[in-house]
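Participant: generate coordinates for the sequence data below:
(chains A and B)
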Amino acid sequence: MMVRTFDPIELELLWRRLISLVDEAAAALVRTSFSTLVRESYDFSCIVTDERGQSLVQATESIPSFIGTLPATVKHFLRFFPAESLEPGDVLITNDLWMGTGHLPDITVAKPIFLDGRLVAFSASTAHAPDIGGKIRSPEPREVFEEGLQIPPLKLMRRGAMDETLVAILRQNVRTPDQTLGDLWAQVVALDVMEERLVALMRGHGLPDLTDLAAEIQGRCEQAMRAAIRALPDGTYRSELQTDGLLETPITLRMALTVAGDEIRMDLSGSDPQVDRAINCAMCYTYAMCMYGVKVCTEPNLPNNEGAFRPIHLTAPAGTIVNPVFPAPGGSRMLIGHYLPMLVFGCLGQVVPERVMAACGSPMWGMNQSGVRTMPDGSLKPYANMFFYNGGMGGNSHAEGLSCLSWPSNVSSTSVEISEHIAPLRFRHKKLRDGSGGTGRHRGGLGQEIHIEVLSETPIAVSFLAERTIIPAFGIEGGQPGACGELRVNGAKVDPKRQYVLRQGETVTLCTPGGGGHGPG
Amino acid sequence: MSLSPSLSLGIDIGGTFTDLVLHDPASGRATIWKESTTPDDPSRGAMAGALEVLRRAGRRPEEVARVVHATTLFTNALIERKGARTALVTTAGFRDTLEIGRERKYELYDIFLTMPKPLVPREWRREATERLAPDGSVETPLDLDAAVREVEALVAEGAESLAIVFLHAHANPAHERALGEAVARRFPSLSLSLSSDIAPEIREYPRASTTCANAYVRPLAEKYLARLEAQLRAAGIPGGLFLMLSNGGLTHAAEARRAPVQLLESGPAAGALAGAWFGRKAGLGNVLAFDMGGTTAKLALVDDGEPLVAWGFEAAREKRFLRGSGLPIQITTVELIEIGAGGGSIARRSGLGTLAVGPDSAGAQPGPACYGRGGTEPTVTDADLMLGHLDAGFFLGGEMRIERGLAQAAFARLAGELGVAEARAALGVHDVVNENMAGAARVAVAERGRAPQDYALLATGGAGPVHAWAVARRLGISRVACPPGAGAGSTIGMLMAPARADRVGTYAVPLARAEPAAMRAILDALESEARAVLRGTGADLAATSVRRLADMRYIGQGSEITVALPDGLSPEAVRAGFEEAYRRLFSRTPPGAAIEFVALRLSLSAPMPGSGGALDLLRHAGGEKRKGSRPVFHADAADWVETAVYDRYALAPGDRIEGPAVFEENESTFVIGPGSVATVLPDGTILAEKA
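Facilitator: Purely as a prediction, here's the structure:
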């Protein structure tokens, strides 16, 4: 068969159209979503892949967690549902921890797209559901079974008809059935938008399939990434860091990164074994975070598609905390995963020190609460909320680290007024932590201190995402580490990985960590 | 001779030029003039221009009944950080809200990104002991004496303007007002901005950001507007001064001085309004107003003759085209999509070997290669010249020479880098920039649940009419309108603008517990505030149009949609209206979800005297209509076609011309493709339709 070629102009035009159609779908998803994480933090992704699940384009605003995870999920779908078993109008679904994104609230759906009866592409979307059942998000679960409903790869829709059995099971197993289902609808709408626009585009340009276009787009990104890697000196660079881990037991992460010609190999051998707490970081998420780290210091502006990451390889021994095996829990995987780009920086910083920064006050912090609220009509209603807060970024070769900014994720914090509106809490202060940035020629960004009093007449359960309370964000090039984070209940320092029950008048204080400094002070 | 003043004078101060238009509502005659902006004192250029446009029209200052004004002055003050020395008093524990912001990056892969600096430095952000609950009830009374002492210290340190932002003040303004009144008594010359007054909406960061932005520009606005009024008076112009608001309406100078933050987008709003006005005149219902200049293109959706408004925007972005990189400003504003695509946009081989156009622009200096001012990189204007869409001998009506040879040389280099023929490269630039604009339009239209085919495209700006037909083809739009004087379109829009006031009040109640009487009371209060503003404008209050709206959502959602409220406010009708609006936007409603109110909005507008009527721009009656012909490359035909060239000034209403055709006027050139038919409408607008 003849290979279709594209000149640089037609290619740009087709590429733009593909980007605009995934962005159109993303706009529809954001506007219809119930989940704060989708709406305000863009904790979702929309992509188009070719018929083999190789991604062509990703929506502009999605966060790095989904680099590579979504096309990998589509490839898993194809294992369960080979091409010949798919029909127009089918929608596939899963939230499997290993085939998805490493934790259950992320639901992935994909739709096969047909042109003249032939499978030509998939539209796919992952979004963070408002709730997926199970234990309230915390590091406490010991097995994935405690973390909520697991959905194996299934058909959510067959030829346009919803699987009502699956919907009924889903509704029964989540705390917020209307919202979780509402978001699933929003995702299906996004899949439809991509399908409709893609078919019109292919007909308009006389493309019988996406094979040649995919090869061109992925090939160019692959070449650009190879060129960037070729510019790095060959060699094996090692780094290691410790996380707070579980109280008194720090967890060590190790990486050996080898630059050989135009390829990079990362090996996480030597990292600690998986644990029976929900901080294990499944390989899919490990992959996303490591690729993000490499991209930031090689070709940050490269579009995200399959080709960009072909020259980069990652291995991690099964059973380690960065490649845990069933039934390891992973609900708080970012407590390990958010360290991984730093591990990459530790390696590549040895050859391109000007392109990395000192350690950040990440992973992100969060406070989860659940309890019972008295409604205005006197009735009692269960409620659950998750609020996110961020530490400071590391200083870099150009400037001071920015204060209170989400990195490597991009989760905004909830406004105090909204928080007080939806939860029986009173915020007494939310302020910058003076002196928390590591000193240096370029100081690390500041963390913040948030002091919250419980107003609820009934007890509420709180749990946290809190890291760097023992091991601070390190400085680089002679800069000093940032201040450690601190979690206090009623003024006393406590174990941040545990759940607490608080009564009226009791307080919680979250002090997020500062970023490390850059250069001697 | 005693004439009762009847003329309208429009003044639009931009960064480079001050556009002026004088309109006689009786005859419809309009005269346009461009004066260079005088950045040190913009009112100087404005006054010189005003006298010049009067001279050209042969009219006297005493005949001017009203002056309508738009300016980028306050926006620039924010961008350049040249506003007043501003301080903030806020609730104890929260002085860092302004600096902590949303904790979110606008660029995921750039670790060197910078965030906008707060308008108030930390040492000037002070705290007051007070606390309100989310419902507005007082939990800790305001310690007024201590708060006033903080202000005393700030004034002693040189603060000129003060913002007061207390938590939950949108639900109860009592503490902000108490402090405001005490401060006003003690420091009558200190400029004051209260959050409950400027942006009474939930979410402390955007409310604080908006209030501080207002405080930051307010002293400037007070001085500037007073000076301009005095100068108009001194020049013998008796008419009142009206200001264009970001929402597309007019207000009087006193309201503009109170809340100048409402003026930040006044220039672009005027452009969208001009689009709406010309669209209405041309009998087009839904219009996509498309304004393409030298550096950017702006798109605005106009539904049924009204520009769509948004309830917030961002000012002073760190990265112009990146959402999230600016200061959030919660005001009503005409919704505009800005794209880095203009005549000066530079074409380059991208890092991936494809052809990229913009957002970098050669601007006016050095400008496109064909200007011969030292620019060597090929731009969109160079491509337009290469493709015959522009005529080297008739650029800016022949007042400026441009060189085809220079454009060609620039394209030869680019074509070599891309490995394509020169003509292909030029056409490629045309196609890529058009696709960039069409792509942005598609996403914008999709965000509102509409289809581009429901719209007509209305082209303004220097480059808009050159590209409009091709952009319309990409969007599947079959009608394109090009009003006369496209270069000064926004100034004309101001003269046609109604007086308008928008007000918002908090109403956080589930629909199931909403009480029509309570809603009515809030809306009536908002309406009487709005009426008081309009009363001061001299607008025709007998012809007011009132819109009662609500921000609503399904409980659990975090972003609201704004929907029109039915008369009578019955819960059933409100629900039906919300669900219909929701379905229109998102195609389906979630099953079984409950609905809640977030806020109530009221929008009041009334026509200004002299704003109706006809518009007649100078033309050469009886001149030769057809100037000749030239080969033009048309993307629809994928080929060069010998194309008739018309002198736009010589065309008369009712003229019907088959495409392809080129219509030349001084500020722009309107190009239509084969298979189209153009008609000249009574006001001189050319409406081209796919045959």
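
Participant: flag every buried residue along stretch B:150-170.
Facilitator: Within stretch B:150-170, the residues that count as buried by 16 or more other C-beta atoms under 10 Å in any protein chain shown are B:150-151, B:154-155, B:159-170. Glycine gets a C-beta too; all of them are placed from N, C-alpha and C.

Participant: which residue is the nearest non-sequential neighbour of residue 511?
Facilitator: Answering for chain A, as no chain was given. residue A:486 (4.1 Å; C-beta to C-beta, 6 or more residues apart in numbering or on different chains).

Participant: actually chain B
Facilitator: residue B:595 (4.2 Å).

Participant: excluding covalently adjacent residues, which one is nearest to the residue of the stretch 201-350 of chain A found nearest chain B?
Facilitator: Chain B sits closest to residue A:300 of the stretch 201-350 of chain A, with a gap of 3.9 Å, by C-beta to the nearest C-beta. Leaving aside its chain neighbours, residue A:300 sits nearest to residue B:109 (3.9 Å; criterion: C-beta to C-beta, 6+ apart).

Participant: and the one you found, what pLDDT?
Facilitator: Listed pLDDT for residue B:109 reads 92.

Participant: burial count for it?
Facilitator: Applying other C-beta atoms under 10 Å in any protein chain shown, we find 17 residues neighbouring residue B:109.

Participant: for it, what are its contacts?
Facilitator: Contacts for residue B:109 (C-beta atoms under 8 Å, 6 or more residues apart in numbering or on different chains) come out as A:64, A:292, A:295, A:296, A:300, A:301.

Participant: separation between the nearest residue to residue A:268 once chain neighbours are set aside and residue A:147?
Facilitator: In this structure, residue A:268 finds its nearest non-sequential neighbour in residue A:316, 3.8 Å apart by C-beta to C-beta, 6+ apart. Relative to residue A:147, residue A:316 is positioned 21 Å away (C-beta to C-beta, to the nearest Å).

Participant: so between these two, which is more surrounded?
Facilitator: residue A:147 (26 against 23).

Participant: how close does the closest residue to that one other than its chain neighbours get to residue A:215?
Facilitator: Nearest residue to residue A:147, sequence neighbours excluded (C-beta to C-beta, 6+ apart): residue A:134, at 4.4 Å. In this view, residue A:134 and residue A:215 are 42 Å apart by C-beta to C-beta.

Participant: which one of those two has more residues nearby?
Facilitator: Neighbour comparison, residue A:134 and residue A:215: the larger count goes to residue A:134, with 22 against 17 (by other C-beta under 10 Å).

Participant: so that one sits against residue A:143, correct?
Facilitator: No. Using C-beta atoms under 8 Å, residue A:134 is not in contact with residue A:143, being 10.5 Å away.

Participant: shaky segments in chain A?
Facilitator: A:1, A:36, A:39-40, A:247, A:375-376 (pLDDT under 70).

Participant: in contact with residue B:603, which residues?
Facilitator: B:247, B:332, B:500, B:501, B:502, B:503, B:530, B:546, B:547, B:549.

Participant: weed out the non-buried ones from the residues you listed.
Facilitator: Taking 16+ other C-beta under 10 Å as the criterion, what is buried in those is B:247, B:332, B:500, B:501, B:502, B:503, B:530, B:549.

Participant: among the residues you listed, which ones are in strands?
Facilitator: B:500, B:501, B:502, B:503, B:549 (DSSP state E).
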